[in-house]
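> make a model of this:
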Amino acid sequence: MESKDVVQALAALANPLRLEVFRALVVAGAEGLTPGVIQERLDVPPATLSFHLKDLTNAGLVSQERASRNLIYRAQYENMNQLLTYLTENCCQGLPCAADADSAPFKC
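Just a heads-up that it's a prediction; the model follows:
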């Protein structure tokens, strides 16, 4: 993942509502969610949701698919994982990190 893509993804997630939408899509899994379901769960107006979904889609964190009359939005796990890898690849001075259940996800 290139740094410009990382910056775009982080900028998309830097908005509280977009972060909430993205997390809802991650929880939904491969099934995804329609805008109507997202609106209902997050109590957000349609135009506002559309604006934020567009930003997440442009950042490569979300995909959109048409299923008959509905749009289905899904989290793009591969891109999410690439972002996490980019952010942690030099963790612990390049040494492998050990997960520690009692504290932070990474222990150096």
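> what about residue 68, distance to residue 34?
Noted for residue 68: a distance of 11 Å to residue 34, by CB to CB, to the nearest Å. Glycine gets a C-beta too; all of them are placed from N, C-alpha and C.
> these two: who's more crowded?
residue 34 (14 against 4; other CB atoms under 10 Å).
> excluding its backbone neighbours, what's nearest the more buried one?
Nearest residue to residue 34 in three dimensions, chain neighbours excluded: residue 70, at 5.0 Å (CB to CB, 6 or more residues apart in numbering).
> figure out the helix or strand that residue 20 lives in.
Following DSSP states H and E, the helix or strand that holds residue 20 is helix 16-28.
> and the next helix or strand past that helix?
Next element after helix 16-28 (DSSP H and E): helix 35-42.
> how far does that following helix sit from the chain's center?
Its chain's C-alpha centre and that of helix 35-42 lie 16 Å apart, by CA atoms, centre = their mean, to the nearest Å.
> what angle do it and helix 16-28 make?
110 degrees (axes from the mean of the first three to the mean of the last three CA atoms, to 10 degrees).
> how about residues contacting helix 35-42?
Residues outside helix 35-42 that contact it (CB atoms under 8 Å, 6 or more residues apart in numbering) are 17, 20-21, 24-25, 33, 44-46, 49-50, 53, 71, 73.
> repeat the analysis, applying 10 Å as the threshold.
Residues from elsewhere that reach helix 35-42 (CB atoms under 10 Å, 6 or more residues apart in numbering): 17, 20-21, 24-25, 27-28, 32-34, 44-46, 48-50, 52-53, 64, 70-73.
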